[in-house]
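[1] Based on what follows, work out the 3D shape:
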Amino acid sequence: MESEHHPKLSPVRAFQALHGTSNEEDQYTSLSEYHDYEPSLEFDDSELIQTTGLAPLPPELLDLPDDLLERPASDGTIEENFEEELARAPEVYAEISGSLHDDEGFVELSGTGLVEVVGDDEIGRRIIVVSACKLPPSKELNPDILLRYLMFTLDKYVEQDYSVVYFHCGLTSKNKPPLSWLWKAYKAFDRKYKKNLKALYLVHPTNFIRIVWQMLRPAISVKFGRKMMYVNYLHELNQYLSLEKLCIPEPVLEYDKLLLSKNPRAAELARQSFEKAEKLPEQTDAKVTVKESLSPPPTQQFGVSLQFIKENNANMVDSIPPVVRQCVEFLTQPDALETEGIFRRSANISVIKELQRACNRGEPISFRNDPHNAAVLLKTFLRDLEEPLMTFDLYEEILKFQTWSHRDKPRQVKILILERLPLDNYKLLKYIIQFLWKVQDRSCLNKMTSSNLAVVFGPNLAWPPNGQMSLQAIAPINAFTDFLLENQESIFII
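    Numbering: from 1, shown residues only. Predicted coordinates:
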């Protein structure tokens, strides 16, 4: 049968036409109103050949020898048996998942910046960034080790709500994993990883990603498919995530500028998006709002220092900010304390924003009988402090926690907490840790052990002065927080 060519159709539309996929069935989420504009990345995947069978994928993203890229164009056949490779993927799943706790061989990957945990979004969900441009050359990296590293990293965060941002820019023939690896990865990331994933942002997608997504659709649940969003330009993330928190690699920033230079309409939308963000400070991060304000109202509690709150609340008891006391007292009620997944679930962003505004205006706040609202508001307060509760001065010391001997840890921790932490910080930390001890004491019902709580609260208690916490810093901070929870009776003696 002769091939039918559709010169005016995009590769995705041609793929639909060839396989009888209707427009209604091919609906995918996109943050852009102009998702049909699909500029090429470093490799050109826009010249897929339409045939009566499966359209051949570009050699740059197939598992082909590098010298094949220099050969003449293929005759339209697929050099890699895609279906056979996908069928083989589950065979090695047990081997991969069985060695997740062995971090040997991850040292080089952990130093590349391939995966970064960049804090929380506005409603307390952890943000994990994966940058394709940081992938080492394929010749130097076993793809199974890459998959184990991703799973090993995500294991620390999948018990709470989280989002993933994937920067596709920089994936080339030199560092791409095999095509069959995509299916292997999807099978390896089972329900444990997918359940609490709230959004997967694919930044700078190509036609190849869209076509592979269509081929995998029969095996991908509709619920998971709704979480995936195409993001053609960085400014489209602005309404959901703070770009300043994302640690965007320089190649990605440069590539986004290149795309905007080729599309004046998108460039104008980007300009309007950033101008709108500047004119609406109440929709930006609370820290920025306060810093831009010359004189925050005396009732302000979010985005200011503990000293500011204390000076403007004469009736404040034991240095505990009013909003913290309200959250803790609400959450200490048995029904709230026993809520499964407390502190791991996100809340409605508009509700949290309204609670923040009411609190900053000195108005009464209502948690609407929802423990998750109070839990997220408490985490937000800690995250928005001008200086972390554990202070910038102690940050480097906390990072050394795992190097201390088992015998020295109690003494070293007491020195930090009892001698070097300011009194107001100490009183608030004691108040929060003792409350969290009550939470973990009900872990049989709420499923929040001390280690789970440490993962949630650790990054909200300590962060570096520049605000950019590296992935390597997460483990010692979480371990330090877990130690505080487990030994709170002997540490907090005042």
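
[2] And for Gly341, nearest residue in space, chain neighbours not counted?
    Taking CB to CB, 6 or more residues apart in numbering as the measure, Gly341 lies nearest to Lys447, with 6.1 Å between them; neighbours along the chain are not counted. C-beta here means a position set from N, CA and C on the backbone, and glycine is covered the same way.

[3] Roughly how far does the residue nearest to Leu260 when sequence neighbours are not counted sit from Leu258?
    Taking CB to CB, 6+ apart, and ignoring the residues beside it in sequence, Leu260 has Ala267 as its nearest neighbour in space, at 4.1 Å. Distance of Ala267 to Leu258, given as CB to CB, to the nearest Å: 11 Å.

[4] Tally up the residues packed near the residue nearest to Gly341, please.
    14 (other CB atoms under 10 Å).

[5] Kindly list the main-chain dihedrals of it?
    The phi/psi pair for Lys447 (degrees, to the nearest 10) reads phi 60, psi 20.

[6] wouldn't it be in contact with Phe343 here?
    No. The pair formed by Lys447 and Phe343 falls short of the contact definition of CB atoms under 8 Å, at 10.3 Å.

[7] Centre of the chain to the helix or strand where Lys353 lies, how far?
    In this assignment (DSSP states H and E), Lys353 forms part of helix 349-360. Offset of helix 349-360 from its chain centre (CA atoms, centre = their mean, to the nearest Å): 23 Å.

[8] Would you mind giving the secondary structure of Gln412?
    In three-state terms, and counting by DSSP: H, G, I helix; E, B strand; the rest coil, Gln412 is helix.

[9] count of residues packed around the spatially closest residue to it that is not a sequence neighbour?
    With CB to CB, 6+ apart as the criterion, Gln412 has its nearest non-adjacent residue at 5.3 Å, and that residue is Trp404. Counted with other CB under 10 Å, the burial measure for Trp404 works out to 17 neighbours.

[10] those helices in the stretch 201-350 of the chain, which residues are they?
    Assignment of helices within the stretch 201-350 of the chain using DSSP state H, counting those that start in this stretch yields the ranges 207-216, 222-227, 250-262, 264-279, 286-292, 306-311, 322-331, 334-337, 349-360.

[11] Which elements pack onto the helix or strand harbouring Trp437?
    Here Trp437 sits within helix 423-441, counting by DSSP H and E. Contacting helix 423-441 under the criterion 3 or more CB pairs under 8 Å, 6 or more residues apart in numbering; DSSP states H and E are the following elements: helix 306-311, helix 322-331, helix 450-461, helix 471-486, helix 488-491.

[12] Quick one, which of these gets closest to Ile248.
    Closest to Ile248 of these, according to CB to CB: helix 471-486, at 15.6 Å.

[13] how about the nearest residue to the residue nearest the centre of the chain, chain neighbours excluded?
    Taking CA atoms, centre = their mean, the centroid of the chain lies closest to Ile127, which sits 1.9 Å from it. Closest residue to Ile127 apart from its sequence neighbours, by CB to CB, 6+ apart: Val118 at 5.0 Å.

[14] Let me know which of the helices and strands packed on helix 423-441 is tucked in deepest.
    helix 450-461 (a mean of 23; mean count of other CB atoms under 10 Å).

[15] Compute the inter-axis angle for that one and helix 423-441.
    In terms of direction (axes from the mean of the first three to the mean of the last three CA atoms, to 10 degrees), helix 450-461 departs from helix 423-441 by 150 degrees.

[16] for the record, mean pLDDT for helix 450-461?
    When the per-residue pLDDT values of helix 450-461 are averaged, the result is 92.

[17] What residue spans form the domains of this protein?
    Taking automatic domain parsing as the domain assignment, the ranges for the chain are 11-279, 286-491.

[18] hey, least reliable of the ones you listed by pLDDT?
    When the domains of the chain are compared on average pLDDT, domain 11-279 comes out lowest at a mean of 68.

[19] Roughly how far does the nearest residue to Phe106 once chain neighbours are set aside sit from Thr449?
    Excluding its sequence neighbours, the residue lying closest to Phe106 (CB to CB, 6+ apart) is Tyr149, at 5.1 Å. Distance from Tyr149 to Thr449, counting by CB to CB: 25 Å.

[20] Pick out whichever of those two has more residues nearby.
    In this comparison of Tyr149 against Thr449, neighbours counted by other CB under 10 Å, the higher total goes to Tyr149 at 21 against 16.

[21] Distance from the chain centre to the helix or strand hosting the more buried one, please.
    Using DSSP H and E, Tyr149 sits in helix 143-154. Mean-position distance between helix 143-154 and its chain equals 16 Å (CA atoms, centre = their mean).

[22] Correct me if wrong: Ser470 contacts Val115.
    No. Here Ser470 lies out of contact with Val115, judged by CB under 8 Å, at a distance of 10.7 Å.

[23] who's more crowded, these two?
    Summary of the neighbour comparison: Ser470 and Val115, criterion other CB under 10 Å, with Val115 having more neighbours (19 against 15).

[24] and that one, what is it in contact with?
    128-130, 149-150, 153, 471 (CB atoms under 8 Å, 6 or more residues apart in numbering).

[25] tally of neighbours for the residue nearest to Leu260?
    16.

[26] Dump the helices of the stretch 201-350 of the chain into a markdown table; add distance to Phe167 as well.
    Conversion of the helices of the stretch 201-350 of the chain to a markdown table gives the following (distance: least, CB to CB, whole Å):
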| stretch | distance to Phe167 |
| --- | --- |
| helix 207-216 | 12 |
| helix 222-227 | 18 |
| helix 250-262 | 5 |
| helix 264-279 | 17 |
| helix 286-292 | 23 |
| helix 306-311 | 36 |
| helix 322-331 | 35 |
| helix 334-337 | 39 |
| helix 349-360 | 24 |
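
[27] nearest to Arg411, of the ones you listed?
    Using CB to CB, the helices of the stretch 201-350 of the chain put helix 306-311 closest to Arg411, at 26.6 Å.

[28] circling back to that earlier point, what's the one helix or strand the residue nearest to the centre of the chain maps to packed up against?
    Taking DSSP H and E as the criterion, Ile127 maps to strand 126-131. Packing partners of strand 126-131 (3+ CB pairs under 8 Å, 6+ apart): strand 115-120, helix 143-154, strand 162-167.

[29] let's see 10 Å
    Applying 3 or more CB pairs under 10 Å, 6 or more residues apart in numbering; DSSP states H and E, one finds that strand 126-131 contacts strand 115-120, helix 143-154, strand 162-167, strand 197-203, helix 450-461, helix 471-486.

[30] and Lys262, which of the ones you listed is closest to it?
    Set against Lys262 and scored by CB to CB, the helices and strands packed on strand 126-131 come closest in strand 197-203, at 16.7 Å.

[31] Sheet partners, orientation included, of the closest one?
    Under the criterion DSSP bridges, strand 197-203 sits next to strand 162-167 (parallel), strand 228-231 (parallel) in its sheet.
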